[in-house]
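Novice: Fold the following.
(chains A and B)
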Amino acid sequence: MKLISLLALFILSNQVQSKELSWYSDLTSPVTTDAKYITMGGLASTLMVYANKSNRTYRKRESFAEAQPFGKYGIIGDIMGRGVLNATYAIGYLAHGYYSENMKSVQNGEHMAKASIYTTSIIMLTKMLVSERRPGYPDDDSSFPSGHSAASFAFASVVTARHGWYWGGAAYSIASFISISRINDDFHYLHDVIAGATIGAAYGWGTYYNYKKGKPYFLNPIFVDNGGGLNVTWSY
Amino acid sequence: MKFIILLFLFSNTYAFEYLSILPKLEKGQKVLTFSSGLYSQEKTYEKDSQVIDLTNQEGYLQKFTYQKAHSDRFSYEIEFSVLVAGKYNETYSGDLSFIDDKKHSSYGLREPLFKSYYWLESPKANFNHILFASFRPKLTEPKAHEFYSGRNEITLSYLYIYQDKHFEVSGELFSTLYGKKEIVLDSGAEDTIESFTEVGLKFNPGIILDNFSIHILSTYSSMTDYNTANKDFQRSSDKGYAVEIGVRTNWKYSKNKGLTFSYLERETYFNSIEEDITRNIEYEDDSEEYMLSWWILL
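Specialist: The predicted structure follows:
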């Protein structure tokens, strides 16, 4: 019962942190925070690309070797972009924060988890609604937008926001490699990758701006033998 | 080697800022740049290591640019390019050996390029970001050997620049939409290149000393469908990518004048969607440019 109460308090605390913040404000952060400029720019680029996209390019085969910038190494991007980086970061920081009682680590992990979950939700919904066929695998109709690009750019944006541009530059390089590898391996069109990257970056930064804007305090349960406690932290 | 050289003598303010790859002008400042150099472009289509068709254009390239800062945040620029004493060749073999090879002299003025820069509010020290837009209008349907672009080109970009005391990193996220191009062939028929879009990233690290700077230029971009057709053959490509690498050195020899040397090489690769996958297809468009520029800050 105590465990349930503490977990419920934990979940509730994240819903009622600041006068405006909630799951809804995070969900809409790509258009309600300064991340809207990323959203607008990315959408404009996606439209410019889609305007010149012919409708008939289902090949059901690979591209020629010369047209593949990464050759056979694109599979590395395929593996890395399946949320491995996001999950490793989120779980690692949450675990570190929990065991060492470091609230900053908890917030880092929480931020990555939120950005990744919101990104993935929007991506899955959009794939279902659009049902665009993949260029090299037209039997699969989940081409738009690219989930790998979205996840990797959400990862890179959170890393940059939390740790600065030195780490962020490396993270964005990895995200770019993952995104380009999707075109390299004929899983996605260019507009799929741009749209996915836009969604991931917008949630990575949008949720960060929400953290900066409010969340003056947060509550976290502390589990001890035969009981528990509550840690209240005020950010100022 | 032919050069067109013009010298203007003006006195004006300190121009250290202009060693940066993205110099920020103060309100009312103007920059004139005169450039001269070599330009070459080669398009090849190979099937199983045999060149099916090869198009080559090269010559002496002259450029003139004028940039003015309308305010501390907004500046505009206009660029003119002209090719002189150039050559244009078309060579066909293999499946297209029935087409006669062609040789022409190549020359002409390219359509003007209009650029605008809007400097956004800087979020932190040493960091600036800029919204950039450019437009090159289509003015005519050119002949194959002429230097006209022959298409509308629109670019929207986000530029960023980080400067430390002697180190600078700048880059650009760009989207360029290339309009449909129709080329008039010698026979009177038309060669059509459909519109396509290019999206890419530029990354230019550099070192800036008191009177000298050097930057490495690098670009990676991806392209949408690139389809060409004429009465003899057609090519369909559903994707492509390009890599650019180069270097730019800038020497400020007086308060408001300087010399810039730049070299830029670009290689573009296109896929082919109609060829048999068992063949080895190479569809490339490569270009190279050496430019020496004199700039004057007014």
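
Novice: Give me the next element, helix or strand, following the lengthiest helix in chain A.
Specialist: As far as residue count goes, and with DSSP state H defining each element, the longest helix of chain A is helix A:103-130. Toward the C-terminal end, the helix or strand that comes next after helix A:103-130 (DSSP states H and E) is helix A:147-163.

Novice: which parts of the longest helix of chain A are buried?
Specialist: Of the residues in helix A:103-130, those with enough neighbours to count as buried (16 or more other CB atoms under 10 Å in any protein chain shown) are A:105-120, A:122-123, A:126-127. Heads up, the C-betas are built off the backbone N, CA and C, glycines and all.

Novice: Contacts only, for the residue of chain A found nearest chain B.
Specialist: Of all residues in chain A, A:Ala67 sits closest to chain B, with a separation of 3.5 Å (CB to the nearest CB). Applying CB atoms under 8 Å, 6 or more residues apart in numbering or on different chains, we find A:Ala67 in contact with B:Ser237, B:Lys239, B:Gly240, B:Tyr241, B:Tyr269, B:Phe270, B:Asn271, B:Ser272, B:Tyr283.

Novice: Out of these, the closest to B:Gly171 would be?
Specialist: Set against B:Gly171, the nearest of those by CB to CB is B:Tyr241 (17.8 Å).

Novice: Would you agree that closest one falls within a strand?
Specialist: Yes: read with DSSP: H, G, I helix; E, B strand; the rest coil, B:Tyr241 is one of the residues of a strand.

Novice: ok, what's across the strand from it?
Specialist: Residues found in beta-bridge contact with B:Tyr241 (criterion: DSSP bridges) are B:Ser222, B:Tyr269.

Novice: and it, what does it touch?
Specialist: Shown here is B:Tyr241, whose contacts under the criterion CB under 8 Å, 6+ apart are A:Ala67, A:Pro69, A:Ile180, A:Ile183, B:Tyr220, B:Ser221, B:Ser222, B:Met223, B:Thr268, B:Tyr269.

Novice: mind checking the SS state of the second one?
Specialist: At A:Pro69, secondary structure determined by three-state DSSP is coil.

Novice: That one contacts A:Asn184, doesn't it?
Specialist: Yes: with contact defined as CB atoms under 8 Å, A:Pro69 and A:Asn184 form a contacting pair (5.9 Å).

Novice: what's the burial count for B:Gln50?
Specialist: Around B:Gln50 there are 11 other residues, counting by other CB atoms under 10 Å in any protein chain shown.

Novice: mind showing which ranges of chain A have poor pLDDT?
Specialist: Counting by pLDDT under 70, chain A contains low-confidence ranges at A:1-21, A:54-62, A:214-236.

Novice: Can you pull the residues of it lying near chain B?
Specialist: A:41, A:44-45, A:48-49, A:51-54, A:57, A:59, A:61-67, A:69, A:135, A:165, A:176, A:180, A:183, A:189-191, A:193-194 (CB under 8 Å from any CB of the partner chain).

Novice: could you give the mean pLDDT of the helix or strand containing B:Glu79?
Specialist: Following DSSP H and E, the helix or strand that holds B:Glu79 is strand B:74-92. Confidence over strand B:74-92 (mean pLDDT, whole number) is 94.

Novice: helices or strands up against whichever helix or strand comes after that strand?
Specialist: Helices and strands here follow DSSP H and E; after strand B:74-92, the next one along the chain is strand B:102-119. With contacts defined as 3 or more CB pairs under 8 Å, 6 or more residues apart in numbering or on different chains; DSSP states H and E, the packing partners of strand B:102-119 are strand B:50-69, strand B:74-92, strand B:127-136.

Novice: need the ones you listed in TSV with distance to chain A, can you?
Specialist: Shown next, in TSV, are these (distance: least, CB to the nearest CB, whole Å):
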stretch	distance to chain A
strand B:50-69	14
strand B:74-92	18
strand B:127-136	9
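
Novice: Just give the closest residue to the residue in chain B positioned nearest to chain A, not the sequence neighbours.
Specialist: As assessed by CB to the nearest CB, chain A sits closest to B:Asn271 within chain B, at 3.5 Å. With sequence-adjacent residues excluded and distances taken as CB to CB, 6 or more residues apart in numbering or on different chains, B:Asn271 is closest to A:Ala67, at 3.5 Å.

Novice: so who does the residue of chain B closest to chain A touch?
Specialist: Applying CB under 8 Å, 6+ apart, the residues contacting B:Asn271 are A:Ser63, A:Phe64, A:Glu66, A:Ala67, B:Ser237, B:Asp238, B:Lys239, B:Gly240, B:Tyr283.

Novice: Please identify which pair of those residues lies farthest apart.
Specialist: Set against one another by CB to CB, these have their most distant pair in A:Glu66 and B:Asp238, with a gap of 13.9 Å.

Novice: Who has more neighbours out of these two?
Specialist: Shown here are A:Glu66 and B:Asp238; by other CB under 10 Å, B:Asp238 has more neighbours (26 against 18).

Novice: And that one, how far from B:Ser149?
Specialist: For B:Asp238, the distance to B:Ser149 (CB to CB, to the nearest Å) stands at 24 Å.

Novice: sorry, back to before: please say which of A:Pro69 and A:Asn184 ends up with more neighbours.
Specialist: Taking A:Pro69 and A:Asn184 together and counting by other CB under 10 Å, A:Asn184 has the greater number of neighbours (26 against 18).

Novice: what residues are up against the closest residue to that one other than its chain neighbours?
Specialist: Nearest residue to A:Asn184, sequence neighbours excluded (CB to CB, 6+ apart): A:Gly74, at 4.0 Å. With contact taken as CB under 8 Å, 6+ apart, A:Gly74 is in contact with A:Gln68, A:Ser181, A:Arg182, A:Asn184, A:Asp185.
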